[in-house]
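# Compute the structure for the input listed below.
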Amino acid sequence: MLDVQGLRFSYGRQEVLTKVDMQLQPGRLHAIVGANGAGKSTLIKLLAGLLDPAQGAVLYKGELICAMNDKQRARRMAYMAQELHVPADFTAKEMVEMARYARESDEEDEKAVLDAMERTRTIAFSDRRIGELSGGEKQRVLLARAFAQGTDVLLLDEVTSALDLHYQLAVMEDLRDWLTPERIIVMVLHDINLAARYADEIWLMKDKGIHLHGAPASVIHPDSIRSVYRVDSITERNPVTDSPIVIPVKRQEKKLPLRLHVIAGGGSGRALYAALYRYGATVSTGVLNLGDTDHTIAKRLGMQVYETHPFSHVEEEDIAAVSEADAVLLTNLAVGPGNRKNLELALRRAEKIPLLYCPWQVGAQFIHKEDEVLWQEVLAQAKVCADEDALVHALQELLPDVRRED
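So this is what the prediction gives:
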């Protein structure tokens, strides 16, 4: 185990890390993530023994890292920097062979070098010079060098940040293949979605220390992303790997402090939900069937969703909270006996609060003629907002103290 105890570090008078505690278990890929300037690269250098802590200690299997000399550390852990400047005249194989300087067995050196290059698929350009390699090829050679060092600990500092998608995945897959129950990988990653996909444990840094740590699904969510990166986001699940996916969302600085209820269904509310989310309105929606596309979207956006089971009819009590809304918004949805109550409520509420019609999706559909008649009655009471700008203008008119835009 790699054990970090009460670590503190400063560059001169500038304190960078304050009391960092970590227990990095073997058999796991640990990803350190956080905003720029959080101290991630400093922390990985402290783990590698490249910097001396002002306070605290880093221990590997009970041994102090800072008490080891260079060769002792090199036999225990390999460090791979984000960028390594090496003479362009070295061949790829010569670069990998440098990893064996701390070892004393010439017989094992050649095998370790060839095994590492085969693992990283770099054997094909063993004799090519470093200056002739692409960025992705060079990074794979450096990874082969780390593997060839023959340690049980890999410490990696943003080694994928300059790579395209193909090489990012190739490097991460190589790392996962290298990992065994006895080995430890600790890596700083700039891409939180890459960390979520490949890491067993994520260490999220903030305020000079560890803010959260644990399995990706427990650490990566809109609250933690907002706290650390100061951006709003939506967190979904990768349909292939089931890992979290963070989707950053730009929200307007000027909020609309309104309570709005949206009547939608079947995906007709997608664009409207997104617009209201960006403007920070308090939104409820429904009644929607469980599993409906709009039900899923609204839930992901953190909206209050009034729901019912498929093929059930909407009841009056299901939508009683709509009476608290400042306005009701209507989309082009499919209307039938199951959701007719939604429209009847909208028609009644139109006597007291504004009813806004947002026909941003395909036209409405009707199961029975009476549904179409009801629809026309509702539209007769509604103000049409043909696009997002028209909607925002209409909503601003509900705020007498808001300066209206031309």
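
# Secondary structure element holding the residue nearest to the spatial centre of the chain?
Central residue of the chain (CA atoms, centre = their mean): V246, 2.9 Å from the mean position. Following DSSP states H and E, one finds V246 within strand 244-249.

# same deal with M22?
Mapping M22 onto the secondary structure by DSSP H and E places it in strand 14-24.

# how far away is the closest residue to G150 other than its chain neighbours from A38?
Distance criterion CB to CB, 6 or more residues apart in numbering; nearest residue to G150, sequence neighbours excluded, is A112 at 5.6 Å. Placement of C-beta: from N, CA and C, glycine included. Taking CB to CB, to the nearest Å as the criterion, A112 is separated from A38 by 35 Å.

# residue contacts, L17?
Residues counted as contacts of L17 (CB atoms under 8 Å, 6 or more residues apart in numbering) are L7, R8, F9, G39, T42, L43, L46, K208, G209.

# let's see it at 10 Å
Contacts for L17 were tallied using CB atoms under 10 Å, 6 or more residues apart in numbering; they are 4, 7-10, 38-40, 42-43, 46, 51, 53-56, 205, 208-210.

# Just the strands from the stretch 201-350 of the chain, written as ranges.
With DSSP state E, counting those that start in this stretch, the ranges of strands along the stretch 201-350 of the chain come out as 201-206, 209-214, 232-237, 244-249, 259-263, 282-289, 304-308, 327-330, 334-335.

# which one of those lies closest to E351?
Minimum separation from E351 across the strands of the stretch 201-350 of the chain (CB to CB) falls at strand 327-330, 11.3 Å.

# how far is that closest one from where the chain is centred?
Taking the mean C-alpha point of strand 327-330 and that of its whole chain, the gap between them comes to 32 Å (CA atoms, centre = their mean, to the nearest Å).

# okay, the angle between the helix or strand bottoming out on mean pLDDT in the chain and strand 304-308?
When each helix and strand of the chain is scored by mean pLDDT, DSSP states H and E, helix 340-349 comes last, with a mean of 80. Between helix 340-349 and strand 304-308, the angle formed by their directions is 130 degrees, by axes from the mean of the first three to the mean of the last three CA atoms, to 10 degrees.

# Check which element follows helix 340-349 along the chain.
Next along the chain after helix 340-349, taking DSSP H and E as the criterion, comes strand 355-357.

# so what strands line up beside that following strand?
Looking at strand 355-357 with DSSP bridges, its partner strands are strand 327-330 (parallel), strand 383-384 (parallel).

# in it, what counts as buried?
Using 16 or more other CB atoms under 10 Å as the test for burial, strand 355-357 gives L355, L356, Y357.

# How about residues contacting it?
Under the contact criterion CB under 10 Å, 6+ apart, strand 355-357 has outside partners 260, 262-263, 272, 327-332, 346-347, 349, 364, 378-386, 390-391, 394-395, 398.

# R226 contacts S233, correct?
Yes - using CB atoms under 10 Å, R226 is in contact with S233, at 7.1 Å.

# the more surrounded of these two?
S233 (19 against 12; other CB atoms under 10 Å).

# give me every residue that touches that one.
192, 220-226, 245-249.

# Excluding chain neighbours, give the residue nearest to it in space.
If you skip the residues right next to it in sequence, S233 has I225 as its closest partner in space, 4.5 Å away by CB to CB, 6+ apart.

# Who are the contact partners of the one you found?
With contacts defined as CB under 10 Å, 6+ apart, the neighbours of I225 are 192, 204, 219, 231-235, 244, 246-249.

# Who wins on neighbours among those?
Neighbour max across the contacts of I225 (other CB under 10 Å) = I192, 26 neighbours.

# sorry, back to before: which one of the strands of the stretch 201-350 of the chain lies closest to M117?
Nearest to M117 among these is strand 201-206; the distance by CB to CB comes to 29.3 Å.

# quick check: angle from that closest one to strand 244-249?
30 degrees.

# sorry, back to before: I'd like the buried residues of strand 355-357 laid out as a markdown table, including pLDDT.
As requested, the buried residues of strand 355-357 are exported to a markdown table (pLDDT from 0 to 100):
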| residue | pLDDT |
| --- | --- |
| L355 | 90 |
| L356 | 93 |
| Y357 | 92 |
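
# Serialize those residues to a markdown table and add fields for distance to K299.
Listed next are the buried residues of strand 355-357 as a markdown table, based on distance: CB to CB, whole Å:
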| residue | distance to K299 |
| --- | --- |
| L355 | 25 |
| L356 | 23 |
| Y357 | 24 |
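
# Could you point out which residue ranges in the stretch 101-250 of the chain have low pLDDT?
Screening the stretch 101-250 of the chain residue by residue with the criterion pLDDT under 70, one finds the ranges 104-106.

# How is M98 assigned, secondary-structure-wise?
Following DSSP: H, G, I helix; E, B strand; the rest coil, we place M98 in the helix state.

# Not counting sequence-adjacent ones, nearest residue to it?
The shortest distance from M98 to any residue other than its chain neighbours is 6.5 Å, reached at R145 (CB to CB, 6+ apart).
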